[in-house]
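>>> take this sequence and fold it.
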Amino acid sequence: MALIRLGSVGPEVEDIQRRLGDLGFMAGYDLGVFDASTLAAVRAFQQHRGLPADGIVGADTWGALVGASYRLGDRLLYERRPTLRGDDVRDLQRRISRLGFDAGYDDGIYGAQTVEAVRDFQLNAGLVVDGMAGPATTHALCRLARQHQQDPAYVVRERQQLRHRLRSSLAGARILLDPARGESDPGPAAPDGTPEHHITWTIVALTEGRLAALGANVVLSRGPRTTPTPSQRAAHANAEDVEVIVSVCGNHHPTPAARGIAGYHFGTERYVSERGRRLAELAVDRLAAVTGSPHCRIHPSTVALLRESRAPAVIVEVGFLSHPAEGAALTDRDHQRAIADGLVDALTAALVGEPAWALDPSAADPSAAVTPGATAPGRG
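From the prediction side, this is the model:
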């Protein structure tokens, strides 16, 4: 879809404003004009939903706005293509997961795992088993869920997976690496003019080589000249049945002093992917150590790649292209190799076991350090 932003006008802006008003994010506004009050409301909504608060209405923000208008019971939920999405699906997933039926993350997507959980619930509740959440199913679900407040099934499952290591090495591990951006969406450029998509491709290629040498089966989300959407990247990961997903991207900020390493994992206002959070912690800890860049922490997010992937997924921002020194370092091959080594270390720690540096990141000896600067400000 075309991006809608500050200065846009027309009926699509009116639609956005009305939806934001219905959700309580804005009151007075110039109807049909994307003005400053609309910008503030969009940013507030994005922050509330775990989306990048850039004030621009793209596919993720528009989908979240539309989905927020649905309440459980407003419509029949069933499996179809394209999949049904919305807050009513999220509510159903939360309720049914608290009853012990694993519908997956509360991602608001009525996919195959949610359908199977509904079928299991219907079977146990003595209802017609059709995988569709109609009036009888939603009534029974709301009635029973009020009596059960245990952790959702996927939370229990992920905690068990964290406690029980399944691998002795990376040999055979199926890992999807995602070089952010692409040829038709090159992203911001480093000080020497190198676009983000070239930098992420190089880092991922170096990481792939190291993982392959350890016996891992690595899948790439895109080729050097393709630009799949985040949803297409998630669908590719699901089709390949990977165990974990690591997306590598750069960052940028109008303030040239901004610098540092940050990570993102799937998380809503209620629950997070615990395996995703752990991998994000390991990756940011390790990359901050080996590069000397400031540690900008990890954050929950609901962007499409994280929300729509079945496997635990993380997005790692490896530095600010807009920072003179850090941007230049991101085009340096030794610095890129250090990042690749750090990502392999983090994946090994997450899938196999905890090395000494993961237990005490300060003990690590940075192998490609650059002089640290001021801590990066928030992304907004």
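
>>> any idea of the pLDDT on the residue lying closest to Gln17 once chain neighbours are set aside?
Spatial nearest neighbour of Gln17, chain neighbours left out: Tyr29 (5.3 Å); criterion: Cβ to Cβ, 6 or more residues apart in numbering. Just so you know, the C-beta spots here come from the backbone N, C-alpha and C atoms, and that holds for glycine as well. pLDDT recorded at Tyr29 is 77.

>>> same question for Thr371.
35.

>>> repeat for the one 4 residues further on
Turning to Thr375, the model gives it a pLDDT of 35.

>>> and the strands in this structure?
Secondary structure of the chain (DSSP state E): strands at 174-179, 217-220, 244-251, 261-266, 295-301, 313-320.

>>> quick one: closest of the ones you listed to Phe25.
Phe25 sits nearest to strand 295-301 of all these, at 19.0 Å, using Cβ to Cβ.

>>> re the thing from before, the strands of the chain: which one's closest to Glu12?
Per Cβ to Cβ, nearest to Glu12 of the strands of the chain: strand 295-301, 24.9 Å.

>>> may I have the closest one as CSV, with CA atoms only?
This file holds the C-alpha atoms of strand 295-301, laid out as CSV (Å, rounded to 0.1, in the frame of the first residue of the first chain):
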residue,chain,number,x,y,z
HIS,A,295,24.1,-1.4,24.3
CYS,A,296,20.7,0.0,23.4
ARG,A,297,18.8,-2.9,25.0
ILE,A,298,16.1,-5.2,23.6
HIS,A,299,12.4,-4.3,23.1
PRO,A,300,9.2,-6.2,22.4
SER,A,301,7.6,-5.6,19.0
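
>>> so where's this protein shaky on pLDDT?
145-166, 354-380 (pLDDT under 70).

>>> what is the end-to-end distance of stretch 47-55?
One end of stretch 47-55 to the other measures 10 Å (Cα to Cα, to the nearest Å).

>>> now find how far off-centre that stretch is within its chain.
12 Å (Cα atoms, centre = their mean, to the nearest Å).

>>> swap in stretch 294-308?
5 Å.

>>> so which of the strands of the chain is nearest Leu72?
strand 261-266 (21.4 Å).

>>> who are the packing partners of the closest one?
helix 274-291, strand 295-301, helix 304-308, strand 313-320 (3 or more Cβ pairs under 8 Å, 6 or more residues apart in numbering; DSSP states H and E).

>>> do you know which of these lies nearest Ser168?
Ser168 sits nearest to helix 274-291 of all those, at 18.2 Å, using Cβ to Cβ.

>>> what helices and strands are in contact with that closest one?
Checking 3+ Cβ pairs under 8 Å, 6+ apart, helix 274-291 ends up next to helix 153-163, strand 244-251, strand 261-266, strand 295-301, strand 313-320, helix 333-351, helix 356-359.

>>> any idea how far the residue lying closest to Ala171 once chain neighbours are set aside is from Phe45?
Excluding the flanking residues, the one nearest Ala171 by Cβ to Cβ, 6+ apart is Gly215, at 3.2 Å. Going from Gly215 to Phe45 by Cβ to Cβ, to the nearest Å gives 45 Å.
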